[in-house]
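**Student:** predicted model, plus sequence, below.
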Amino acid sequence: MSRPFVFLLPGMLCDATVWQAQIAALSTDFTLAVPLFRGFDSFDTMADHVLAHAPPSFSVVAHSMGGRVAMEILRRVPERVGHFIVMGTGVHPLYPGETERNRRLLEIAADGGLEAVADIWIPFMLHPDRSADTALTAVIRSMVLGNKIDDLRGQLHAAEHRQDQSRYLATMRHKVHIVCGDNDNWNPAGLHRRMHEQLADSVLEVIPRCGHMAPMEKPDAINALLLQWLNKPLP
């Protein structure tokens with residue numbers, strides 16, 4: 001009997017590194033795939049990329065930007081999606097000041113490369129308890145530097161030209177599991193609570209003393225949730 005297929009969708013400037021602990025915990029029982037979103041500049045084309053490599057049925061676990069891609073996949077082919085889990089993500093439209101923030105990030109990249117982006121990005125993404133964790137920050141820095149500035153530019157372009165996915169939430173009948181860190185600066189817990197309230201069938205788990213990078217900051221807690229949810233029989 002074949003193992004259930006699960007996509008692990010990474011966020012901005014991320015790759016399979018962000019899912020290292022989850023891959024170790026899930027690989028015995030599940031067939032896992034981690035798509036890369038380098039070279040894309042829209043969430044639509046990212047979703048196309050995932051679906052082009054998808055079996056007839058699959059589950060989705062997504063983090064941050066990957067969650068927006070996951071929401072597009074669920075909107076398109078809900079009948080093919082099994083378990084659906086998003087963490088550290090948002091569905092809101094462009095907010096005031098976001099374009100200016102992104103422009104500043106690209107200016108920093110142009111002046112100092114992705115090294116300079118990592119310098120400001122990593123502390124913002126982590127809970128203060130983990131910002132001095134040199135082992136963790138070194139792994140995240142290496143992951144960020146695996147990208148090119150054009151990858152950052154394309155992913156920021158995708159974010160700036162995204163649809164307002166919140167308008168789809170009320171019509172979704174799929175069970176959605178939502179996870180966030182209580183100290184997520186990028187997509188705060190309040191955004192996840194609003195998402196939870198708008199969905200017909202959802203579960204929300206807030207991870208204490210955790211920032212945006214929950215799969216890396218709190219791997220044991222995330223693994224426990226994923227194993228619990230992914231092993232539940234589907235309706």
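**Tutor:** Right, received. Where do you want to start? Residues are numbered from 1 along each chain as shown.

**Student:** right, and residue 66 touches residue 37 too?
**Tutor:** Yes - under the criterion of Cβ atoms under 8 Å, residue 66 makes contact with residue 37 at 7.5 Å. The C-beta positions use only the backbone N, C-alpha and C, and glycine is treated the same way.

**Student:** the two: which has the busier surroundings?
**Tutor:** residue 66 (30 against 26; other Cβ atoms under 10 Å).

**Student:** now that one: closest residue in space that isn't a chain neighbour?
**Tutor:** residue 9 (3.1 Å; Cβ to Cβ, 6 or more residues apart in numbering).

**Student:** across the sheet, point out what pairs with the one you found.
**Tutor:** The residues listed as beta-bridge partners of residue 9 by DSSP bridges are residue 62.

**Student:** can you tell me the SS state at residue 204?
**Tutor:** strand (DSSP: H, G, I helix; E, B strand; the rest coil).

**Student:** which ones are touching it?
**Tutor:** Residue 204 sits next to 178-180, 192-193, 196 when contact means Cβ atoms under 8 Å, 6 or more residues apart in numbering.

**Student:** if we go to 7 Å?
**Tutor:** Residue 204 sits next to 178, 192-193, 196 when contact means Cβ atoms under 7 Å, 6 or more residues apart in numbering.

**Student:** need the residues you listed in JSON lines with pLDDT and neighbour count, can you?
**Tutor:** Below are the contacts of residue 204 laid out as JSON lines (pLDDT from 0 to 100; neighbours: other Cβ atoms under 10 Å):
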{"residue": "178", "pLDDT": "98", "neighbour count": "22"}
{"residue": "192", "pLDDT": "97", "neighbour count": "26"}
{"residue": "193", "pLDDT": "97", "neighbour count": "14"}
{"residue": "196", "pLDDT": "97", "neighbour count": "17"}
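
**Student:** next step: the residues you listed restricted to strands.
**Tutor:** Among these, the members found in strands (DSSP state E) are residue 178.

**Student:** for the contacts of residue 204, which one is nearest residue 49?
**Tutor:** residue 178 (23.7 Å; Cβ to Cβ).

**Student:** find the nearest non-adjacent residue to that closest one, please.
**Tutor:** residue 204 (4.7 Å).

**Student:** residue 68 now?
**Tutor:** Computed as Cβ to Cβ, 6+ apart, the closest residue to residue 68 that is not its neighbour in sequence is residue 43, at 5.2 Å.

**Student:** so what pLDDT did the one you found get?
**Tutor:** If you check residue 43, the pLDDT there is 97.
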